[in-house]
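In: Structure, please.
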Amino acid sequence: MSATSVQFTVATHIMAALGYYNGEEISSATLADSVNADPTFVRKSLSKLSKAGLVVTRRGKSGASVLARSPRQITLLDIYRASAAPPAFAIHSYPVDKRCPVSRNVKECMSRVLSETQNSFEKSLAKISLADLVGQIREKMH
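Out: Prediction:
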């Protein structure tokens, strides 16, 4: 069984922190503390977010990051794509047992189902802005 990817949720955590403190520059060390993750992993996530145009990052000793645009203009789909997370589901790579009709055909049949599921997942993410997520976080604070 393959490991679960946390790339998307870590990237979303980083973006939510930047959105929560919108306009304030936040260091990667502070973000790593918030995520409770290895600073190197957080910096790699920041690099992907920066390349996607979602974050502006200043490197070096006094380096910090800030959102590149308004949280209302960033969707969770933008973050998902920037994070380079793997698809939500994947077809197993076990060899086909040519004697078994299920083994010979299940991958092809599931391919369409999983593609439709991935598309539905991405459409759902496109409907949620970073501002929506930050708003939910703010509601939890009261």
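In: Show the pLDDT at Leu90.
Out: No, residue 90 isn't Leu; it's Ala. On pLDDT, Ala90 comes in at 83.
In: same check, this time on Lys51
Out: Lys51 is given a pLDDT of 96.
In: Looking at the longest helix anywhere in the chain now, give me its mean pLDDT.
Out: Of all segments of type helix in the chain, defined using DSSP state H, the longest is helix 101-126. The average of the pLDDT scores along helix 101-126 is 93.
In: Please report phi then psi for Ile26.
Out: Main-chain torsions, Ile26, degrees, to the nearest 10: phi -120, psi 130.
In: Contacts only, for it.
Out: Ala17, Leu18, Ala64, Ser65, Val66 (CB atoms under 8 Å, 6 or more residues apart in numbering). The way it works is simple: take the backbone N, C-alpha and C, and place the C-beta from them, glycine included.
In: Which strands and helices lie in contact with the longest helix of the chain?
Out: Under the contact definition 3 or more CB pairs under 8 Å, 6 or more residues apart in numbering; DSSP states H and E, helix 101-126 sits against helix 76-83.
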